[in-house]
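**Q** Structure of the sequence below:
(2 chains)
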Amino acid sequence: MSYYFNEDHQLFRSSLRDFLEKEVRPNVRQYEADGEIPRSLYHRFGEMGYLGLGFPEKYGGLNLDIWYSVVFIEELCRMNSGGLSAAIWAHPGLALTHILAEGNEKQKEKYLPSGILGKSIGCLAITEPFGGSDVQALRTTAIKDGDHYIVNGSKTFITNGVNSDYIVTAVKTAPENKMISMLIIERDRKGVSATKLDKLGWRASDTGEIAFDEVRVPVENLLGAEDAGFFYIMQHFVSERLGMALQGLAYSEYALEVTLKYVNERTAFGRKINRFQVLRHRIAQMASEIEMNKAFIYSLYQRYADGDYLVKEASMAKLLATQLNDKVATECLQMFGGYGFMEDYPMARMFRDARLGQIGGGTSEILCEIISKIMIDQVNYKTPINKNK
Amino acid sequence: MNNYYFTEEHNLFRESLRTFLHKEVMPNIDQWEEDQRIPRDVWKKMGDMGFLGLSYPSQYGGMELDFFYDVIFTEETSKMFSGGFTITQLVVQYMSSTYILKYGSEKLKAKYLPGIISGELISAVGISEPGAGSDVANIQTKAIREGEHYVVNGSKTFITNGVYGDFIVTVVKTDPSKGPAGVSLLVIDRNAEGVSATKLKKLGWHSSDTAELAFDNVKVPVENLVGEEGQGFYYLMGGLQLERLVGGVSAYSGCEAIMGYTLQYMSERSAFGRPINRFQVLRHRMAQLASEIEACKQFVLYCARLHNDGKYAVKECSMAKLLATELSDKTAYQCLQNFGGYGFMEEYKVARMFRDSRVGTIGGGTSEIMREIIAKMIIDDVSYEAASQPSSNGAVANGKSENGLSLDQILNGIQSKAADAKPLGKTLKFDFGNEQLFIDGTGEKNAVSKDNKEADCSVDVSFEDFVALTKGKLNPMNAVMSGKIKIKGDMGVAMKLQSLFG
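**A** Model prediction:
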């Protein structure tokens, strides 16, 4: 029984789950070892329609409601690879989302149909070595020179930053400018280089540091209006944070599922370990917190679908669900004992993957800053463009 | 902001209730806390205003409104900064008289319900005893039938409204030889001969009266029995869901109240030349708390929606009570800290909130009991069904049973139960007609499968009765006697059913 998912959503979930179990699960360990997912996987997701769930039909999307995307993220997370989820999701969820919302018709025609088919892959580059959530302090510049911008600077921690075909990049059109602009920079332009970063977790995604050295980009690659980038980013932060909250929740649910199975099979001192009260109560507590986060996040998706602008609530949800994932990963791993530390069992990977939740997409501390500004200083984040209404 | 639970009418109701509470209650709370008693006229005024009996049937004076009016009633009374005030009426409306409403005879309803809706009567529920709380099957208070009366002996403790209330919905054993099946509910008038009360001193909830009650040969008319004899345990299980849900609402609402009060203080209090709400550590602490309160609230409201839709949400309500009351403790503790020395002074309301909150994780089932229930449901796949209502026309939306369980759904639970029980030493088969369940007890552990094999003993039973057996709702020996179970083969194995499902 659900207030949000109807029978069609459930059918979609079960067919998606079959697909993932058959075509993805057997290869996850290979992706983790390779440090990336193959291009062919994007093609398969594209063929199946999974990359264009919420996108308009005219670009090859399926124009489905938000709950299909919720199902998609939840099921993807059941593969228990933060890197896989991030690599897949960063393309439609970040890059294509920006292009759909802010791009002109020419840009949409160029990037959306091929992106939705998984033929061309995008990434979103905001963070720099010296500035992350402090977006206004960014240093990458794009100085106009006739009908081109000359781009100099660097970006880091960029998911799909090495293998993607184009980079939706936050730049400043003058060094002293406080406002930022968004520019699409093709990978094959002269002066673009990328280094793959070695990470604690999220191993199946390629995370890059990207350098721009005198890169010439045509002015027609500007996304939306000049100097409006900050508002675009803020607007998309809501869906990004809801997405990260949902991922934190989905990983936690999966951890609980595999742990319940394990404690029902493993015996110690002559009985199943799920008979030990301390473990039972720990599981009950986790299950309760998972259920609470779920009710909260679903309620926010409903409001998001109805056009509410949820800066505070999405920040709250991301804060709580990523904290939950850290906690659940730690406690579930503990129940696996020594096996929890082994790569043959699921908890080791989840433990290291979960650690990113409280960092990426705005750290927990940044989220608390935002929440306290709204709550204590009555700062009002107005909706820039209400695309959902 | 969108709201999926409260309509314009709900909001108008909230406004009028809030205005009343701020005028008639808030100014008097300090005095009532001091007096350790709330004068009756305030309840009468609330009754006159139509604030009581919100979801009760109109024939008794109720308003027949949906459950979200009850949520509003609970939220607003929980923002008076006095847990004692709040609990007094919540017990009447949602934790005691509800048993009469749902399971009582027409005569009982007509006698008691109009009074609790008009505010003239105050009711209590008597469950806990000095020797047993949530372990309801082990209560000792006896009600032995003698002609047209029960004679009640025993004692109850921690009873809210037990000193100044008018009647107590009391949990008694009408058949002391039985466990849960001997438990019944009996309405006992507070001034009946042989009932005495001692007022207990408490850490918090100072304005409410909490009693230890003694019953010394109290004669109670048979007509005061609520519903049927021996069904009390199941009535309670259903009623406790509502109690826990309401407890969850009260807890998050109290958190919101402390939060607002603390933010106000932080904007006024200065230290080192600036308001203390400029200090980042305190700001982040409040941001974290606010997030947890918001998430908790949305979860409890979701549970309220399930309840309003007639779902019997044992797991969710237990989770809601667990999380919301623990959050209340945390919120009260951290908010008090932000007040510094003033937090310790009675001049500020946060001291009272701190001590009043502490009972949240204890009353209505401790946090540990909540986790036991949740663990049974998610680890052992135990499911709970609502008790049937002997007389309907109650307006409180609740009590749809979860029928339609399949063998596969309960198989896990049976397997873990059987594995924990002593090996049967023989093989046993349950035959439901279209499906069979086979238990091999010849090994080190009882092994359960869906195979249809030859067994030392075969038990013919309907699947419904089998489910009741596994839940301890049907006593195996009674089932054999009444013919609900037919045994073929070795009768000795059947005797062991008790150990398997006990």
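**Q** give the contact list for B:Val350.
**A** B:Ile258, B:Tyr261, B:Thr262, B:Ala332, B:Cys335, B:Leu336, B:Phe339, B:Gly343 (C-beta atoms under 8 Å, 6 or more residues apart in numbering or on different chains). Where you see a C-beta, it was placed from the backbone N, CA and C, and this is true even at glycine.
**Q** what does the stretch 351-500 of chain B have sitting close to chain A?
**A** Proximity of the stretch 351-500 of chain B to chain A, by C-beta under 8 Å from any C-beta of the partner chain, involves residues B:368, B:370-375, B:378-379, B:412, B:416, B:419-420.
**Q** For these, pick the one with the most neighbours.
**A** Neighbour count (other C-beta atoms under 10 Å in any protein chain shown) singles out B:Met370 as the most crowded of these, with 27 neighbours.
**Q** what's stretch B:299-311 in contact with?
**A** Contacts for stretch B:299-311 (C-beta under 8 Å, 6+ apart): A:1, A:3, A:291-292, A:295-296, A:299, B:4-5, B:66-68, B:71, B:241-242, B:245, B:248-249, B:252, B:313, B:316-317, B:319-320, B:323-324, B:397-400.
**Q** Quick one: the contacts of B:Val350 as CSV, columns for distance to chain A, pLDDT and neighbour count too.
**A** Below are those laid out as CSV (distance: C-beta to the nearest C-beta, whole Å; pLDDT from 0 to 100; neighbours: other C-beta atoms under 10 Å in any protein chain shown):
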residue, distance to chain A, pLDDT, neighbour count
B:Ile258, 14, 97, 24
B:Tyr261, 14, 97, 18
B:Thr262, 11, 97, 27
B:Ala332, 18, 97, 25
B:Cys335, 14, 97, 24
B:Leu336, 18, 96, 20
B:Phe339, 16, 96, 20
B:Gly343, 19, 94, 19
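**Q** Give me the buried positions along the helix ranked longest in chain B.
**A** Assignment by DSSP state H gives helix B:232-268 as the longest helix of chain B. By 16 or more other C-beta atoms under 10 Å in any protein chain shown, the buried positions in helix B:232-268 come out as B:232-259, B:261-263, B:265-266.
**Q** Could you do stretch A:88-105 as well?
**A** Here stretch A:88-105 shows A:88-100, A:102-103 as buried, counting by 16+ other C-beta under 10 Å.
**Q** And for stretch A:36-44?
**A** Neighbour-count burial for stretch A:36-44 [16+ other C-beta under 10 Å]: A:Glu36, A:Ile37, A:Leu41, A:Tyr42.
**Q** And B:Lys376, how close does it get to B:Met370?
**A** 11 Å (C-beta to C-beta, to the nearest Å).
**Q** same check, this time on A:Cys332
**A** From A:Cys332 across to B:Met370, the span is 20 Å (C-beta to C-beta).
**Q** do B:Gly84 as well
**A** 23 Å.
**Q** Could you do B:Lys429 as well?
**A** From B:Lys429 across to B:Met370, the span is 37 Å (C-beta to C-beta).
**Q** And for B:Ser270?
**A** Taking C-beta to C-beta, one finds B:Ser270 at 42 Å from B:Met370.
**Q** now do A:Arg187
**A** Counting by C-beta to C-beta, the gap from A:Arg187 to B:Met370 is 54 Å.
**Q** which regions of chain A sit below the pLDDT cut-off?
**A** Regions of chain A meeting the criterion pLDDT under 70 cover residues A:1, A:382-389.
**Q** what's A:Trp202 sitting at in phi/psi?
**A** Backbone torsions for A:Trp202, taken as degrees, to the nearest 10, come to phi 50, psi 40.
**Q** ditto for B:Asp329
**A** Backbone torsions of B:Asp329, given as degrees, to the nearest 10, read phi -60, psi -50.
**Q** contacting residues for it?
**A** Taking C-beta under 8 Å, 6+ apart, one finds B:Ser357, B:Arg358, B:Gly360, B:Thr361 in contact with B:Asp329.
**Q** Let me know the closest of those residues to A:Thr267.
**A** B:Thr361 (32.5 Å; C-beta to C-beta).
**Q** Buried only: go through the contacts of stretch B:299-311 for me.
**A** Those of the contacts of stretch B:299-311 that meet the buried threshold are A:291-292, A:295-296, A:299, B:5, B:66-68, B:71, B:241-242, B:245, B:248-249, B:252, B:313, B:316-317, B:319-320, B:323-324, B:398-399, by 16+ other C-beta under 10 Å.
**Q** who's sitting farthest from the centroid in chain A?
**A** A:Gly270 (43.8 Å; C-alpha atoms, centre = their mean).
**Q** what's the distance between that residue and chain B?
**A** 10 Å (C-beta to the nearest C-beta, to the nearest Å).
**Q** A:Gln10 now?
**A** 18 Å.
**Q** Does anything pack onto the helix or strand harbouring that residue? Which helices or strands?
**A** A:Gln10 belongs to helix A:7-19 when assigned by DSSP states H and E. Counting by 3 or more C-beta pairs under 8 Å, 6 or more residues apart in numbering or on different chains; DSSP states H and E, the packing neighbours recorded for helix A:7-19 are helix A:66-77.
**Q** Please tell me how far B:Gly443 sits from B:Val125.
**A** 47 Å.
**Q** Comparing the two, which residue is more hemmed in?
**A** Higher neighbour count among B:Gly443 and B:Val125: B:Val125, with 28 against 9, using other C-beta under 10 Å.
**Q** Over to the more buried one. Which of the three states is it?
**A** Following DSSP: H, G, I helix; E, B strand; the rest coil, B:Val125 is assigned to strand.
**Q** residues contacting it?
**A** B:Val91, B:Met95, B:Ser96, B:Tyr99, B:Ile159, B:Ile168, B:Val169, B:Thr170, B:Val171.
**Q** these two touch, right, A:Val162 and A:Asp206?
**A** Yes. A:Val162 is within contact range of A:Asp206, at 4.3 Å (criterion: C-beta atoms under 8 Å).
**Q** coming back round to it: nearest to B:Gly53 among the buried residues of stretch A:88-105?
**A** A:Gly93 (50.5 Å).
**Q** how close does the closest residue to the closest one other than its chain neighbours get to A:Ala204?
**A** In this structure, A:Gly93 finds its nearest non-sequential neighbour in A:Gly243, 5.9 Å apart by C-beta to C-beta, 6 or more residues apart in numbering or on different chains. Distance, A:Gly243 to A:Ala204, using C-beta to C-beta: 18 Å.
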